[in-house]
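S.K.: Structure, please.
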Amino acid sequence: MAHIMIAYVLWLVGGWSGLHHFYLGRDRQAFIWWSTFGGCFGLGWFRDLWRIPEYIFAANRDIGYMREFSYKRKNYKHPPFNTVRFVGQIVLGWAFGALVRLCITEENAYRGLGWLFCVAVPPCAVALGVHLVANVQPERASFQWPLIGALCGMVWLIYDTGSLHYSAIISAIFVNWKGKEWNPEVGNNRGFCKRLFTLVFCCLLYSTLWGVVIYQNASITTKDGEEVPLREAIPNFFNSPAWAEMKESLKELYKFYQVHGFEKLWEEIVEKLDPTGEANAYKVLNLTDDATEKEIKARYRNLVKEWHPDKQKDPSKKAEAQEKFMEIQRAYEILSKIQSKRMRQNKKDRRKEEDYDQMNRGRWKKDEF
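M.R.: Numbering: from 1, shown residues only. Here you go, the predicted model:
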């Protein structure tokens, strides 16, 4: 039995992801809310504020709700037209179609089979989105009518592969005109594990499509202002020295885990991330982490003399020297602060040890008497 207080708590906490709909057995609606950030960017979530009691009655198969539902099925052969559901069909159908369309770049859209992909596949995704909204309880619809309507919109896609709104509108018209009927199965009688697996699989598939879109269309801007497509930058990263160092770090962490276990692993990960900048400072000064204070000062003085901007005769290298000079100074300041803190901490530790020794000596003298 579904409880209204639990439903409202889930609505408040995880309403944007459709958590309350999953609790009430409305899995399709939960996926729609999750994929559209709360039902078209929070509009559906806000509407649920006064719709949840009706959903509770349906989930619990309330006698009054079932009597009213039977009356509607007898007096209306097909469910009446619903503006909110119709708009939702258009929005989700267009969103699914646009997502699939973006999986292929403009460069490849008119090469070989790319054009066929842009014209034939997005309407199928549009039909899927329309069909998904059309099957939200208490209604259901077959897939053929939204598919036929979406394929009719291919006429516009031939001239403009981005004109998916025509397919979404025609598909929604077709499913409301011919495809929908009442769903006699009120509630959800499937097992929890099966429902959860299905929902997670659909979410992963949807997220994968978004990953493909980002991979194909996103770009990275370098410090020179050059935009590098992400699909080119990622392979370059895996061939870079940074990735080689990262692989070695991961191997070292795994070996550390085998010896020390999970308890000390987090401390080692934090150390590898170098939050204080100590490791990078040693790298800038070209020193190892066991360098003494004298060695750090000597290296700092030599590098400052070498990279001082006033000693650069070539004007084109002055900017580079200035940047390097500032980097050396920052590295030395970081190491100086860290060493000062450690010296103060060591003094405190020594004092504590001395006080502890004095206390023990006093106790031993009392024991002798």
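S.K.: can you give me the strands for the stretch 201-350 of the chain?
M.R.: Using DSSP state E, counting those that start in this stretch, the strands of the stretch 201-350 of the chain run over 219-221, 227-229.
S.K.: helices or strands up against the last one?
M.R.: Helices and strands touching strand 227-229, as assessed by 3 or more C-beta pairs under 8 Å, 6 or more residues apart in numbering; DSSP states H and E, comprise strand 219-221. In this view, the C-beta of every residue, glycine as well, is placed from N, C-alpha and C.
S.K.: now the first one
M.R.: In terms of contacts (3+ C-beta pairs under 8 Å, 6+ apart), strand 219-221 is packed against strand 227-229, helix 230-238.
S.K.: any low-confidence regions in this protein?
M.R.: Applying pLDDT under 70 to the chain picks out residues 106, 108-115, 161, 186-189, 222-226, 237-244, 266, 268-276, 356-369.
S.K.: Break it down into its domains, please.
M.R.: Taking automatic domain parsing as the reference, the chain has its domains at 4-190, 191-239, 241-273, 277-368.
S.K.: right, so these: which one is the most enclosed?
M.R.: Compared across these, domain 4-190 shows the largest average neighbour count, a mean of 18 (mean count of other C-beta atoms under 10 Å).
S.K.: Tell me where the stretch 101-250 of the chain has helices.
M.R.: Ranges of helices within the stretch 101-250 of the chain are 106-109, 114-134, 144-152, 154-159, 165-174, 192-217, 230-238, 241-260, based on DSSP state H, counting those that start in this stretch.
S.K.: How far does the fifth one sit from its chain's centre?
M.R.: Put plainly, it is helix 165-174. 31 Å (C-alpha atoms, centre = their mean, to the nearest Å).
S.K.: other SSEs contacting it?
M.R.: helix 83-101, helix 114-134, helix 144-152, helix 154-159.
S.K.: So for K178, which of those sits nearest?
M.R.: helix 144-152 (5.0 Å; C-beta to C-beta).
S.K.: Export only the CA atoms of that closest one, formatted as CSV.
M.R.: Extracted in CSV, the C-alpha atoms of helix 144-152 (Å, rounded to 0.1, in the frame of the first residue of the first chain):
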residue,chain,number,x,y,z
GLN,A,144,2.7,1.9,-35.1
TRP,A,145,0.7,5.1,-35.2
PRO,A,146,3.3,7.5,-33.7
LEU,A,147,5.9,5.9,-36.0
ILE,A,148,3.7,6.5,-39.1
GLY,A,149,3.2,10.1,-38.0
ALA,A,150,6.9,10.6,-37.4
LEU,A,151,7.9,9.2,-40.7
CYS,A,152,5.5,11.5,-42.5
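S.K.: I'd like the numbering to begin with 5 instead of 1 from here.
M.R.: Taking 5 as the first residue, the last one we looked at is helix 148-156.
S.K.: Residues contacting it, please?
M.R.: Outside helix 148-156, the residues that touch it by C-beta atoms under 8 Å, 6 or more residues apart in numbering are 93, 97, 101, 127-128, 130-131, 134-135, 138, 171-172, 174-179, 181-183.
S.K.: repeat that with 7 Å
M.R.: With contacts defined as C-beta atoms under 7 Å, 6 or more residues apart in numbering, helix 148-156 is touched by 127-128, 130-131, 134-135, 138, 171, 174-175, 177-179, 182-183.
S.K.: How about V130, nearest residue that isn't a chain neighbour?
M.R.: Leaving aside its sequence neighbours, V130 sits nearest to G101 (C-beta to C-beta, 6 or more residues apart in numbering; 3.9 Å).
S.K.: Longest helix in the chain, please.
M.R.: Across the chain, the longest stretch assigned as helix under DSSP state H is helix 322-372.
S.K.: That one - contacts with which helices or strands?
M.R.: helix 282-288, helix 297-311 (3 or more C-beta pairs under 7 Å, 6 or more residues apart in numbering; DSSP states H and E).
S.K.: wait, what's in contact with the nearest residue to N290 once chain neighbours are set aside?
M.R.: Counting by C-beta to C-beta, 6+ apart, N290 lies nearest to R303, which is 6.9 Å off, once chain neighbours are set aside. Listed by C-beta under 7 Å, 6+ apart, the contact partners of R303 are 289-291.
S.K.: which of the residues you listed lies closest to Y258?
M.R.: Taking C-beta to C-beta as the measure, Y258 sits nearest to L291 out of the contacts of R303, at 27.6 Å.
S.K.: Give the closest residue to the closest one in space, chain neighbours not counted.
M.R.: In space, L291 is closest to R303, 5.8 Å off (C-beta to C-beta, 6+ apart).
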